[in-house]
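1. Predicted coordinates and the sequence they were generated for:
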Amino acid sequence: MENMRNQSPVRSYKDRDLKLLWGLAAARCSHPNCRKPLIKEVTDSDPHAVLGRIAHINDFSTSPDSPRSDPSLTVTELNAYENLILLCGDHHDEIDKQKRTFPREKLLGWKHEHEAWVFSRLQQVVPTIGFAELEVVCQGIIGGSSPPSEPAVPTPPAEKMRKNALTEKLRLRLTLGLSVFSEVEHFVQSVARLNPHFPEQLKVGFVDRYNEFLQRGVQGDALFEALHDFASSSSSNFERQAAGLGVLCYLFQKCEVFEP
């Protein structure tokens, strides 16, 4: 067994764990009194700035004196999404330096509460998205996509969930995103009157990124979160995230985007 007592730990995170961590936290600090965005938007002079810090719930230290240490956990388990929490720099340092004040149970509570809050915010915002938000995310998806491919017969959503190993947790997000299916379809059809290639360009943009993530070993729920992040342009803005979720779920139902 890969045991912490027999080796020095190394911080190394898989794409799967990073996509779940950042996606389910909506790129925001998980401290219940903070929740500030951890990604600064692109400016005229600079690209995105990532401000988030990853903290371990069960301490990464091998010292038996550490109040959050669990020597039975492997390095892989310590570096997995289930043992990670996303924080801003201040709160990361606070819990790192005051480990008895912030035990693992409290950090797990923060994480679960924060992810539930993120979903509730999306529930509030998704019904309000309009053409302006959809236009922004769709243009980001189309940029740099491959030439259109031949149309295919869509696979039923339940079958796509099974083939892509999506869990029941993702079913809630799919249901939420599909609640604005008609609004997204209306937008796509409106743009298609001016640009008949638009629907296929939108699909191809997603397929390209889907295949890229698959080649990197990102699968299941992490793949969905990675595509949601892509559709939202890595934004922590809930309007952008809501529009990205709507478009992603529209393509999930309408096109062959999730096809391994």
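-> Sure thing, it's come through. Residues are numbered from 1 along each chain as shown.
2. hey, let's count contacts and neighbours off CA atoms from now on
-> OK.
3. Please point out which parts of stretch 61-74 sit buried.
-> 61-62, 67-71, 73-74 (16 or more other Cα atoms under 10 Å).
4. Spatially, which two of those are the most separated?
-> Comparing every pair within those by Cα to Cα identifies P67 and T74 as the most remote, at 17.3 Å.
5. remind me, longest helix of the protein?
-> With residue count as the measure and DSSP state H as the assignment, the chain has helix 104-125 as its longest helix.
6. burial measure for the closest residue to V10 other than its chain neighbours, as a count.
-> Closest residue to V10 apart from its sequence neighbours, by Cα to Cα, 6 or more residues apart in numbering: V75 at 7.2 Å. Summarising burial for V75: neighbours were counted as other Cα atoms under 10 Å, giving 19.
7. Can you name the residues in contact with stretch 111-130?
-> With Cα atoms under 8 Å, 6 or more residues apart in numbering as the test, stretch 111-130 has contacts from 24-26, 30-32, 85, 173, 176-177, 179-180, 183, 238-239, 241-243, 246.
8. How far off centre is that stretch?
-> 13 Å (Cα atoms, centre = their mean, to the nearest Å).
9. I'd like to know the average pLDDT value across it.
-> Across stretch 111-130, the average pLDDT comes to 96.
10. in it, what's buried?
-> 111, 114-115, 117-119, 122-123, 125-127, 129.
11. CA atoms only for it - export them in CSV, please.
-> Extracted in CSV, the C-alpha atoms of stretch 111-130 (Å, rounded to 0.1, in the frame of the first residue of the first chain):
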residue,chain,number,x,y,z
LYS,A,111,-16.6,22.7,1.4
HIS,A,112,-20.0,21.0,1.3
GLU,A,113,-21.8,24.2,2.3
HIS,A,114,-20.0,26.2,-0.3
GLU,A,115,-20.8,23.8,-3.1
ALA,A,116,-24.4,23.8,-2.1
TRP,A,117,-24.4,27.6,-2.1
VAL,A,118,-22.9,27.6,-5.6
PHE,A,119,-25.6,25.4,-7.0
SER,A,120,-28.3,27.5,-5.3
ARG,A,121,-26.8,30.7,-6.9
LEU,A,122,-26.9,29.0,-10.3
GLN,A,123,-30.5,28.0,-9.7
GLN,A,124,-31.3,31.7,-9.1
VAL,A,125,-29.3,33.0,-12.1
VAL,A,126,-29.9,30.4,-14.8
PRO,A,127,-33.6,31.5,-15.5
THR,A,128,-32.4,35.1,-16.0
ILE,A,129,-29.9,34.5,-18.7
GLY,A,130,-30.6,36.4,-22.0
